[in-house]
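> Structure of the sequence below:
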Amino acid sequence: MIDKTKHALESLLLYLTSAMLAIMVGLMLWQVFTRYVLAAPALYTEELLRFMMIWMAFLGSAYAFGTRQHLSLVFAIEALSGRKKLILMLINDTVILVFSVLIMFLGGIKAVTSSMTQFSPIMRIPIGDVYLIMPIAAVLIFILQSLNMIILVRDSNRAPLEPVGSL
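Below you'll find the predicted structure:
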């Protein structure tokens, strides 16, 4: 159940960010076409591309945390095995959970509420709507990282943890 939920959430994020990238490519091509062929640039595309890039980056970071592909210093984890490796990985995961709650979620909520009266210059959408991705990504990271921790503990009880990269 846990593995299926985690995989479904990761798949959703992967498909969503892939679709956003495809849309962004189309918008970029449209922007170039209108600017150089029609000599009347579509102004909304630049702003929309910027906002989509922000959303895609945050959703992509949630995916990276869920699949454990985020940037990390693995040399210490690779050097350890067994209980020490488990403890270090759980400490790292706990730091990520705390960061997602305190900085991303609470800070994101504050950013959203304080910027709802500011509007984007071209599309006239509230900037708070753009910042809304921060608490959304925080919730996704919290869920995926929690599932990672549960799976880590569950699997460590089944077999001893081997150093990463060993066969």
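> Against which helices or strands is the helix or strand containing Ile23 packed?
Ile23 belongs to helix 2-36 when assigned by DSSP states H and E. Helix 2-36 sits against helix 43-66, helix 133-158, with contacts defined as 3 or more Cβ pairs under 8 Å, 6 or more residues apart in numbering; DSSP states H and E. From N, CA and C alone the C-beta is placed, and that goes for glycine too.
> Pull out the buried residues from it.
Residues of helix 2-36 classed as buried: 6, 9-10, 13, 16-17, 20, 24, 27, 31 (neighbour count, 16 or more other Cβ atoms under 10 Å).
> List just the nearest of those to Ile77.
In terms of Cβ to Cβ, no member of the buried residues of helix 2-36 lies closer to Ile77 than Lys6, at 20.1 Å.
> before we move on, back to that, would you mind putting the helices and strands packed on helix 2-36 into CSV with distance to Ile103 alongside?
Formatted as CSV, the entries for those read as follows, by distance: least, Cβ to Cβ, whole Å:
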stretch, distance to Ile103
helix 43-66, 13
helix 133-158, 8
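> Could you look up the next helix or strand downstream of the worst-scoring helix or strand of the chain on mean pLDDT?
None of the helices or strands of the chain scores lower by mean pLDDT, DSSP states H and E than helix 75-79, at a mean of 76. Past helix 75-79, heading to the C-terminal end, the next element that is a helix or strand (DSSP H and E) is helix 82-99.
> same for whichever helix or strand comes after that following helix, what does it pack against?
On the C-terminal side of helix 82-99, the nearest following helix or strand under DSSP H and E is helix 107-114. The criterion is 3+ Cβ pairs under 8 Å, 6+ apart, and the helices and strands that helix 107-114 contacts are helix 127-131, helix 133-158.
> circling back to that earlier point, the helix holding Ile23 vs helix 43-66, what angle?
Note on geometry: by axes from the mean of the first three to the mean of the last three Cα atoms, to 10 degrees, helix 2-36 and helix 43-66 are set 160 degrees apart in direction.
> separation between Arg35 and Tyr44?
Counting by Cβ to Cβ, to the nearest Å, the gap from Arg35 to Tyr44 is 13 Å.
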